[in-house]
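> quick one, fold the following:
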Amino acid sequence: MDNSPCIAKEHFWKRVDQANARELVTSITSAVKEQVGYSRALNTAKRTTILLGRGAAKEFQFKSEMHYRKRNSQLRYSKHWLAKLVESIDEKQEKHFAEFLSRGGFKEFTAYARQTTILRMLNSEVPPEDARKAVKQLDSTLEKLEGLKSLKEIHNAMQRHLDELIGKKMGNPNPDGWCILLLIFTSIFAILVVIAALICAFTFGLACEDILDQLIDQACG
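Okay, here's the model as predicted:
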């Protein structure tokens, strides 16, 4: 059996399309890429100001503002397409998600999300103090997700969270600029977990882990 990355990627997009979630996935992964660009440009602007003076940092400040605006635009698209997805589900899909919750599928999914994220950090060069803070933030985020008991609660929580992200002023939550840490410290990670869970429950209800891993890879690739 061929388990090559291209096959896994093809299978991922097939599941995305079966759930009618392509626009949602595209917008949130684009938002993550803009977040990374915004963070890195802002870091460069700050470093350039320290080393060469404020005037030398104008280009990077402009780039950071550009990425920031694009990130917010993509987050607004994500907010729109998430609402569209939830509004468009049929009775069968709604039943599948209710069953997914009742059998503990969502809790199992968040447990896997923690496991795979910690593994990614173990295989990185994240400084120990950043890793400690990240795990603390990750646990807080996942605990909040596990407290949500219905599709309506999950959707409403994500809509509020997207509003909070869009409303935040410019500032860098992660001086390192590494994508996984940015996902955790901004709590965009919670949105990826929910989107992956929705895609899983609305399709076969199996192999959810592959969907989450592919979604993270798409966002941080």
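> ok, residue 59 - how many residues close by?
Look at residue 59: counted by other CB atoms under 10 Å, it has 12 neighbours. C-beta: built from backbone N, CA, C; applies to glycine.
> tell me how far residue 201 lies from residue 144.
From residue 201 across to residue 144, the span is 19 Å (CB to CB, to the nearest Å).
> okay, the two: which has more neighbours?
Higher neighbour count among residue 201 and residue 144: residue 201, with 25 against 14, using other CB under 10 Å.
> could you list the buried residues of the strand or helix carrying the more buried one?
Using DSSP states H and E, residue 201 falls within helix 188-202. By neighbour count on 16 or more other CB atoms under 10 Å, the buried set for helix 188-202 is 188-202.
> tell me the one among the residues you listed nearest to residue 101.
Distance to residue 101 across the buried residues of helix 188-202 (CB to CB) is lowest for residue 201, with 8.2 Å.
> tell me how far that closest one lies from residue 60.
For residue 201, the distance to residue 60 - CB to CB - is 42 Å.
> same check on residue 163?
According to CB to CB, residue 163 and residue 60 sit 28 Å apart.
> who's more crowded, the two?
The neighbour count for residue 163 versus residue 60, taken as other CB under 10 Å, is higher for residue 60 (19 against 12).
> surely the more buried one and residue 41 touch.
Yes: Residue 60 lies in contact with residue 41 (CB atoms under 8 Å); the separation is 5.2 Å.
> could you give the average pLDDT over the helix holding residue 201?
The average pLDDT within helix 188-202 is 94.
> what do you get for stretch 138-148?
According to the model, stretch 138-148 has a mean pLDDT of 94.
> what's it in contact with?
With CB atoms under 8 Å, 6 or more residues apart in numbering as the contact definition, stretch 138-148 has outside contacts at 106-107, 110, 113-114, 117-118, 154, 157, 184, 187, 189-190, 193-194.
> which among the residues you listed gets closest to residue 127?
Among the contacts of stretch 138-148, residue 184 lies closest to residue 127 (CB to CB), at 14.0 Å.
> so that closest one is in which element?
Per DSSP H and E: residue 184 is located in helix 179-186.
> what's around residue 39, how many residues?
Close neighbours of residue 39, defined as other CB under 10 Å, add up to 27.
> quick check: which ranges of this protein have low pLDDT?
Low-confidence segments of the chain, defined by pLDDT under 70, span residues 1-7, 172-177.
> next secondary structure after the helix or strand that contains residue 40?
Element membership for residue 40, per DSSP H and E: helix 22-52. Where DSSP H and E defines the elements, the next helix or strand beyond helix 22-52 is helix 58-88.
> show me what that next one is packed against.
On a contact count with 3 or more CB pairs under 8 Å, 6 or more residues apart in numbering; DSSP states H and E, helix 58-88 meets helix 22-52, helix 151-167, helix 188-202.
> the first one - contacts with which helices or strands?
Put plainly, it is helix 22-52. Here helix 22-52 touches helix 5-18, helix 58-88, helix 179-186, helix 188-202, helix 208-220, going by 3+ CB pairs under 8 Å, 6+ apart.
> for PyMOL, what selects the buried ones among the contacts of stretch 138-148?
Those of the contacts of stretch 138-148 that count as buried under 16+ other CB under 10 Å are selected in PyMOL with:
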select buried, resi 106+110+113+117+154+157+184+187+189+190+193+194
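> nearest to residue 27 among the contacts of stretch 138-148?
Nearest to residue 27, judged by CB to CB, of the contacts of stretch 138-148 is residue 194 at 13.8 Å.
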